[in-house]
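Q: Got a sequence here, can you build the structure:
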Amino acid sequence: MEYKYHATTILGVRRGSQVAIGGDGQVTFGDYVMKEKASKVRKLYNDTIIAGFAGAAADAFALFEKFEKSIEEWNGNLPRAAVELAKEWRTDKYLRQLEALLAVADKNNMLIISGTGDVIEPDDNIVAIGSGGPYALAAARALVKYSDLEIKDLVKESLKIASKICIYTNDKINIEVL
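A: The predicted model follows:
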């Protein structure tokens, strides 16, 4: 199955004891912009987990719902909930058709969850998904290494850089911090 994630950029960074996930607000339909200020990042499980999505909005909201149920079932154990969601996503006939990715984090874990059953933990405490993900990832890596920006500002500046390169990413940014 080939995934084509347009219309978003999600970036998560952990620095010290803080973690932040941010996303742009652009929603495209084909080759035009439908919405500028969509919120693709939210806090879950009593504000102890942040999740952001890239991909088809309806699919992502269905996955958010499944992920929230998994988090509740596993009492906030993010790695276990992510693995269980990935297993269900990969094997369920309905869920397999969903085209989205999730970036999730708590104070101790940062993961990307895909419909192919992947649960990926980054080596460098930075996750990026969506069409502008590679640009935001590169910017975040540079800013982590060469700046002392606060976590929220680091994520914001990285996403702003991505918005100047990726046509499916805008600078209407929403960021959640733990």
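Q: Regarding stretch 65-83, how distant is the last residue from the first?
A: Chord length of stretch 65-83, first to last residue, is 15 Å (C-alpha to C-alpha, to the nearest Å).
Q: quick one: the helices in the chain?
A: For the chain, the helices defined by DSSP state H cover 57-73, 78-91, 133-146, 151-163.
Q: Show me the contact partners of the second one.
A: What it means is helix 78-91. If you take C-beta atoms under 8 Å, 6 or more residues apart in numbering as the criterion, helix 78-91 is touched by 49, 63, 66-67, 70-71, 73-74, 95-96, 98, 102, 104-106, 108-109, 111, 113-119. To be clear about C-beta, it is placed using only N, CA and C from the backbone, and glycine gets the same treatment.
Q: With the shortest one instead?
A: For helix 151-163, the external contacting residues (C-beta under 8 Å, 6+ apart) are 9, 11-13, 15-16, 18-24, 132-133, 135-137, 139-140, 143-144, 147, 149, 169-171, 173, 175, 177.
Q: What are the phi and psi values at residue 47?
A: Note on residue 47: backbone dihedrals following degrees, to the nearest 10 are phi 60, psi 30.
Q: Give me the nearest residue to it, chain neighbours excluded.
A: residue 178 (7.6 Å; C-beta to C-beta, 6 or more residues apart in numbering).
Q: now swap in residue 18 and tell me
A: residue 151 (4.4 Å).
Q: Need the buried ones from the contacts of helix 151-163 selected in ChimeraX.
A: Buried residues among the contacts of helix 151-163 (16 or more other C-beta atoms under 10 Å), as a ChimeraX selection:
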select :9,11,12,13,15,19,20,21,22,23,24,132,133,135,136,137,139,140,143,144,149,169,170,173,175
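Q: Give me the helices and strands touching the helix or strand bottoming out on mean pLDDT in the chain, please.
A: None of the helices or strands of the chain scores lower by mean pLDDT, DSSP states H and E than strand 27-29, at a mean of 79. Counting contacts by 3 or more C-beta pairs under 8 Å, 6 or more residues apart in numbering; DSSP states H and E, strand 27-29 is packed against strand 32-35.
Q: Packing partners of the strand it packs on?
A: strand 27-29.
Q: what residue ranges in the chain score low on pLDDT?
A: Counting by pLDDT under 70, the chain shows low-confidence ranges at 1-7, 95-96.
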